[in-house]
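Student: Got a predicted structure plus its sequence, pasted below:
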Amino acid sequence: MIVAAAVCPHPPLLVPEIAPGTDAELGGLRAACRAAVAGLVASGAGRILVIGAGGLAHDVDEHAGGSLAGFGVDVRAGGDDLVLPPSLTIGAWLLDAAGWSGPRTYSTGAPDTSGDVALLVMADGSNGRSEKAPGFLDERAEPFDAAIARALADGDPAALVALDADLGAALGSTGVPALQNLGHAVGATTKGATVAARVLFDGAPLGVGYVVAEWLPTGRTA
């Protein structure tokens, strides 16, 4: 049973030590991620499942961790076995910062959602929202990100499943498969019930599309 879900982006710039002096640009995004993950911690879940992009051969548990040393600062998150790709390392860092000490599962595929679980979905949008963006300005980027935000705001699992992964890849977004996994998982477990949804952040600081959202099964409160 999925008791709660949250979607957060995974730029290493979320970690203040990696990007000091950027609170004007990224403070709102960081605060939204903290709030979304705090909701998961308070949800009553027995396990938090972190879903993201990367090259894990199989799901791993809370003994796994990751390092952000490749981004200039040796920030470590999660457990001592440093096998997590960057997206899941940022997820681990967010859980650490929120004080979660319970069981965790990290997955880059279609995960096992048995038991009372909360989902933390790490998913970036496009990188082409401005001329200074990593992917320069691409006129397809804003409507692509808007489709993600709309699906999350509407609590619509089917709309997430229907996202165009090929277009996402062309726009520098690695988040579509994780969002599709969220759609499949919630669609299967809610059996057509509605989802209470709230978008906490929707913007493109530094030209990259980021959405932070909370999903709760109908009848639950945040």
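Tutor: Right, received. Where do you want to start? Residues are numbered from 1 along each chain as shown.

Student: Give the buried residues for the helix or strand bottoming out on mean pLDDT in the chain.
Tutor: Sorted by mean pLDDT, DSSP states H and E, the helices and strands of the chain end with helix 176-190, the least confident at a mean of 89. Using 16 or more other CB atoms under 10 Å as the test for burial, helix 176-190 gives 176-187, 189-190. All C-beta spots, glycine's among them, are computed from the backbone N, C-alpha and C.

Student: How about stretch 102-114?
Tutor: Neighbour counts over stretch 102-114 (16+ other CB under 10 Å) mark 104-108, 111, 113 as buried.

Student: List the contacts of that stretch.
Tutor: Outside stretch 102-114, the residues that touch it by CB atoms under 8 Å, 6 or more residues apart in numbering are 1-2, 45-56, 59-62, 64, 78, 84-85, 87-88, 91-92, 95, 117, 119, 181, 184-185, 189.

Student: For ChimeraX, what selects the buried ones among the residues you listed?
Tutor: Buried members of the contacts of stretch 102-114, defined by 16+ other CB under 10 Å, are picked up in ChimeraX with:
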select :2,45,47,48,49,50,51,52,53,54,56,59,60,62,64,78,84,85,87,88,91,92,95,117,119,181,184,185,189
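
Student: Which ones among the contacts of stretch 102-114 lie within helices?
Tutor: Among the contacts of stretch 102-114, the members falling in helices (DSSP state H) are 87-88, 91-92, 95, 181, 184-185, 189.

Student: Pull the most distant pair out of the residues you listed.
Tutor: Spatially, the most separated pair among those is 92 and 189, at 23.9 Å (CB to CB).

Student: what about the helices in the protein?
Tutor: Counting by DSSP H, the helices of the chain are 23-41, 86-98, 141-154, 157-161, 165-170, 176-190.

Student: So what touches the second one?
Tutor: So that's helix 86-98. Helix 86-98 is contacted from outside by 8, 10-12, 14-15, 33-34, 37-38, 40-41, 48, 50, 52-54, 56, 64-68, 70-71, 75, 77-78, 84, 104, 106, 108, 120, 122, 174, 178, using CB under 8 Å, 6+ apart.

Student: OK, contacts around residue 8?
Tutor: 32-33, 36-37, 90-91, 94, 120-123, 212.
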